[in-house]
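A.B. asks: With the sequence up front, the predicted model follows.
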Amino acid sequence: MNGPVRRLSIGLFAGFFALLLAVTWIQVIHADVLKADPRNSRPALSERGKERGLIVTIDGTVVAQSVPDPEDPRSFVRQYPEGEPFAHVVGYNSFLVGSSGLENAYADELRSRRDLTISDLVSVILGRDLRPESLELTINAALQEAAYEGLGGLKGAVFAIDPRTGAVLASVSSPSYDPESLLGGDAATVWESLLADPEGPLLDRATREIYPPGSTFKTVVTAAALDTGTAVPETEFPDPQEFQLPGSSATISNAGGGVCNDGQSITLLQAFIVSCNTTFADLSIQVGAEDVGITAEALGFNTDITFPWTVPEAIYPVDLLAEDPAALAQSGIGERDVRAAPLHMAMVAAAIANDGTTLTPYLVNRIFDADGNTVETFEPSPMGQAMDPATAAVVTEMMERVVTEGTGQAAAVSDVRVAGKTGTSMGLDGLPNPWFIGFAPAEDPTIAIAVFFEGSPELGESASGGGVAAPLAGDLIQLWLEGSP
Amino acid sequence: MTRNSEGALIVAACVLAAFGVTLVNFAQERSVDAQTALTFLVFLIAFGGLHMAVRAFAPKATPLLLAPVTALTALGFFQIYRLDIAAGTDRASFQRWWILIGAGLASLTLLLFNRGSISVLRRYRNITLLISLALILLPNLPVGWGFPLRGLSVNGSRLWVLLDVGFTTFQFQPAELAKLGLVAYVAGYLADHQRALREARRHIGPIAFPEPRQLIPLLITWGVSVLILISQRDLGASLLLFVGFVLLLYAATGTTGYLVAGGFLGLIAGVASYLAFDHVQRRVIAWISPFEHYEDEGFQIAQGLFAMGTGSLAGAGPGLGRPDLIPNAATDFIFAAVGEELGFAGTVSVLALFALTISVGLGIAFRSRDTFRKLLAAGLTFVLAVQTILIIGGVVRLVPLTGITLPFMSYGGSALVGNLILIALLLRISHEEAQ
């Protein structure tokens, strides 16, 4: 009779072994997936009330900090002292609606490792620091706040880079929101209302939304034309009222509807200064989709850009345009299928400023521990040579002429050589999106900037890059140059 | 191992219970209070007392059984205490009383059999059967009548009896005791009819089948299981009894046909209950795709998996996880709660302690010379093992959730009392065989 009992015992222990395998799967092999499931609120709940690291700008302005909760001194509350201007960069860390921005991207560095477990004790004995680490941003707080002020609550964005390093000087999206409003018990309601707001305050228009760049893209086409030898600034082009799109009955016309020069001919330089659409439609076809594409991609288009969070790719659809000359002509003026975030257009300006070398923008200057010791420093990282240094010098000269005598005069700063290019692209509701990209001082640039406004009824149907975006860019460049050493 | 080492291990397990409570208190309140001392005292009186009862009434019983049982009770208790703090309930106080009552009744069981022998259960098995059936039907007493003993419906299941003793009321599940009586009855029946059951065989191919007449006891137990299922909507107890009895029949006869026939009958009952009962269907859905039905059927299982996954290797630490997010964490999902706060280390320890308890139980069955004692020990151990595998298997998604409690660990007085008496019976058998 022990025989059957023995066989059943084997069966029962096989059952226990199956349980052991299942537990191993759940708690060891598959644990990270279960832990990371967005429906699993445990990781967020365990972070609640814990100290997190500081986030400070390079000039020492605290933009995120943890202070002891006055009602419960054992736990901490998170504060964002600078509020709206930094909301999209710093983000928030809410146990109800999750996290975003740097709070999300550097969650692991910013969190406290003090879990009150036995392993903490072991770590302390081993001399490990359980305190959270802190971030020092490359951002200049005064520039960031001035940019937010300058956008005036309208839909838009400013992205500024130090062209020598790729360090981000400002990244602002407007309208914004108060990140502390997402930390309270009513966070879910606040979140719902922000999400439902037609102005889209949660959108990061500087780095996470892409728009047609309009005439600012003419800088890219010009660089490609110069690099390939298709044209020089003195090359003459016809000056028609309208450009007939090949294989189509549609036409491209100029801003204002007339001719750009005398109706006979116009040089590339003149066309660039007055932002002549018909010339660039023509030039785009002459250079060809492949060659414009090579320059565009070296400047950051169609490329996955390393940033603390996922940046959508800027689009220049080479294969599509190679087969469609009408679309290629429209792409030459930054319309049709071309898309870029203000981040990308600031990278274009920065590359021209930096003798044609594209740099990856970076937001965090260094990570430091609770004693202030540097844990990690971020270095400039070149993406590649986008154009010949001579080409960059010529485009710089052309961009200077835009500010001194062309569409970008509103960006002028007294006693400073400012280089720039305006743009006015077609927005979603037929309302124009004003753009300005530029850098200064032209002889030795320390700031490259992209200013963007999204078309809105407040700006109206006649808003232009030169009228709306260029003045703000000029103000910010002046502020930066006055303040910078 | 000696009786003294058993005593030392039991004291260690009592310290474990008190230490768990202390850690939870420290994590939650940043302070330590009288709960630590109270828990230690209750465990020491209950299991120390049971240990003394073994010394007095079953001195030759195996010293390997009581320590793992104490440790399991301790691990379960500190999670119940931890969940109390999160929910603002006071189940731990009840559980402490039930630990005392359970250990007391287990000691009493040892005392009662000390005057005679466990074979009285064989001799009077028909009385045991009647009492057990009566206990199973007890919850069907009217809920609203004036008699102090009433039926009680909890979550749509008629499993409970309410005893009104004037100043207070007790709730218990009589099926937990009936389980032991039914095992004893079947063990007795099989011990007496073993030869007939074994020799009368028909063969269909390589599989041996008993005479149809001999299938009657199997059909009776199947009928009882179905009865429980229909009258009380208790899938778990029904399945447990049925599987336990089929295994015992096979153990007594070695006739593969019982396993085949039992499996067949079980399958019929399973399919029928799936078709007939919504709550069975919901459990199958939750088992197959808990994350796709996260909002409703699958929520509990998904939360259990999140809890264990988040606990990972070392666990969140006592009092530092959120096992209270799992519905019914203190009863059905105590294993997941342990997995969250003590991690893989904790769940493997629990599995090892159960495996140890069950292998000791099986060892008692192996070493028994007397047929009845052998079958009783085997049957009781099977019931314990099947129950453990079914409920943990439900939590880790190996089988659908059956809604039975985890022996010694889950919150619930009747189950704890029943299982401690089960351990007392095993100890008694072990003692008698060693004489």
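C.D. replies: It's in.

A.B. asks: Could you pull out the strands in the stretch 351-485 of chain A for me?
C.D. replies: Using DSSP state E, counting those that start in this stretch, the strands found in the stretch 351-485 of chain A span residues A:357-360, A:364-368, A:374-377, A:381-385, A:419-426, A:432-440, A:447-453.

A.B. asks: swap that for chain B, please
C.D. replies: Per DSSP state E, chain B carries strands over the ranges B:149-154, B:157-164, B:169-172, B:201-204, B:207-210.

A.B. asks: which regions of the chain sit below the pLDDT cut-off?
C.D. replies: You didn't say which chain, so I picked chain A. A:1, A:115-120, A:484-485 (pLDDT under 70).

A.B. asks: Chain B is the one I meant
C.D. replies: Short version for chain B, where the test is pLDDT under 70: B:30, B:155-157, B:199-215, B:217-218, B:221-222, B:225-226, B:228-230, B:232-233.

A.B. asks: Nearest residue to the closest residue to chain A within it in space, ignoring adjacent ones along the chain?
C.D. replies: Closest to chain A within chain B is B:Gly309: 2.6 Å, counting by C-beta to the nearest C-beta. C-betas here are computed from N, CA, C, even on glycine. The shortest distance from B:Gly309 to any non-neighbouring residue, by C-beta to C-beta, 6 or more residues apart in numbering or on different chains, is to A:Leu34 (2.6 Å).

A.B. asks: other SSEs contacting the helix or strand hosting the one you found?
C.D. replies: A:Leu34 is part of helix A:31-36, with elements assigned from DSSP states H and E. When contacts are defined as 3 or more C-beta pairs under 8 Å, 6 or more residues apart in numbering or on different chains; DSSP states H and E, helix A:31-36 sits against helix A:42-47, helix B:299-311.

A.B. asks: hang on, the earlier thing: in this structure the residue nearest to B:Gly309 contacts A:Val28, no?
C.D. replies: No - counting by C-beta atoms under 8 Å, A:Leu34 stays clear of A:Val28, with 11.0 Å between them.

A.B. asks: Those two: which has the busier surroundings?
C.D. replies: A:Leu34 (22 against 14; other C-beta atoms under 10 Å in any protein chain shown).

A.B. asks: can you pull the contacts of that one?
C.D. replies: If a contact means C-beta atoms under 8 Å, 6 or more residues apart in numbering or on different chains, then A:Leu34 has A:Ile26, A:Asn40, B:Leu305, B:Phe306, B:Met308, B:Gly309, B:Thr310 as its contacts.

A.B. asks: where does the residue nearest to A:Cys276 when sequence neighbours are not counted fall, phi/psi-wise?
C.D. replies: Leaving aside its sequence neighbours, A:Cys276 sits nearest to A:Cys260 (C-beta to C-beta, 6+ apart; 3.7 Å). Note on A:Cys260: backbone dihedrals following degrees, to the nearest 10 are phi -90, psi -30.

A.B. asks: For A:Cys260, give its distance to A:Thr267.
C.D. replies: 10 Å (C-beta to C-beta, to the nearest Å).

A.B. asks: Equivalent analysis for B:Val32, please.
C.D. replies: B:Val32 is 86 Å from A:Thr267, by C-beta to C-beta.

A.B. asks: The two: who's more crowded?
C.D. replies: With neighbours defined as other C-beta under 10 Å, B:Val32 and A:Thr267 compare such that A:Thr267 has more, 18 against 13.

A.B. asks: Do I have it right that the more buried one meets A:Val232?
C.D. replies: No - using C-beta under 8 Å, A:Thr267 is not in contact with A:Val232; the gap is 9.0 Å.

A.B. asks: need the residues of the stretch 201-350 of chain B near chain A, please.
C.D. replies: Within reach of chain A by C-beta under 8 Å from any C-beta of the partner chain, the stretch 201-350 of chain B has these residues: B:247, B:250-254, B:291, B:294, B:302, B:305-314, B:316-317, B:320-322, B:325, B:339-340, B:343-344, B:347-348.

A.B. asks: Show the buried residues in those.
C.D. replies: With burial judged by 16 or more other C-beta atoms under 10 Å in any protein chain shown, the buried subset of these is B:247, B:250-254, B:294, B:302, B:305-312, B:314, B:316-317, B:320-322, B:325, B:339-340, B:343-344, B:347-348.

A.B. asks: Now the residue in the stretch 301-450 of chain A that chain B sits nearest to. Nearest residue, chain neighbours left out?
C.D. replies: Residue of the stretch 301-450 of chain A nearest chain B, by C-beta to the nearest C-beta: A:Ala370 (22.2 Å). In this structure, A:Ala370 finds its nearest non-sequential neighbour in A:Arg131, 3.8 Å apart by C-beta to C-beta, 6+ apart.

A.B. asks: Could you check how many residues crowd around B:Phe19?
C.D. replies: Neighbour count for B:Phe19, taken as other C-beta under 10 Å: 17.

A.B. asks: go on, the one 5 residues further on?
C.D. replies: Residue crowding around B:Val24 was assessed by other C-beta under 10 Å; the count is 25.

A.B. asks: Name the residue of chain A that lies nearest to chain B.
C.D. replies: For chain A, C-beta to the nearest C-beta, closest residue to chain B: A:Leu34, 2.6 Å.

A.B. asks: what's the spacing between that residue and B:Pro290?
C.D. replies: 11 Å.

A.B. asks: hey, what's in contact with both of the two?
C.D. replies: Contacts common to A:Leu34 and B:Pro290, judged by C-beta under 8 Å, 6+ apart, are B:Leu305.

A.B. asks: List the contacts of the spatially closest residue to A:Trp480 that is not a sequence neighbour.
C.D. replies: The spatial neighbour of A:Trp480 that comes closest, neighbours along the chain excluded (C-beta to C-beta, 6+ apart), is A:Ile447 at 4.8 Å. By C-beta under 8 Å, 6+ apart, the contact set of A:Ile447 is A:Ala160, A:Ile161, A:Asp162, A:Pro163, A:Leu169, A:Phe439, A:Ala440, A:Leu476, A:Ile477, A:Trp480, A:Leu481, A:Ser484.

A.B. asks: Over to the fifth one. Which of the three states is it?
C.D. replies: Using DSSP: H, G, I helix; E, B strand; the rest coil, the three-state assignment for A:Leu169 comes out as strand.

A.B. asks: That one and A:Leu476: what is the separation?
C.D. replies: For A:Leu169, the distance to A:Leu476 - C-beta to C-beta - is 9 Å.

A.B. asks: between the helices and strands packed on helix A:31-36, which gets nearest to A:Gly427?
C.D. replies: For the helices and strands packed on helix A:31-36, the distance to A:Gly427 is smallest for helix A:42-47, at 37.1 Å, taking C-beta to C-beta.

A.B. asks: Paired strands for the helix or strand just after the closest one, with orientation please.
C.D. replies: For helix A:42-47, the following helix or strand on the C-terminal side (DSSP H and E) is strand A:55-56. If you go by DSSP bridges, strand A:55-56 pairs up with strand A:62-69 (antiparallel), strand A:134-137 (parallel).
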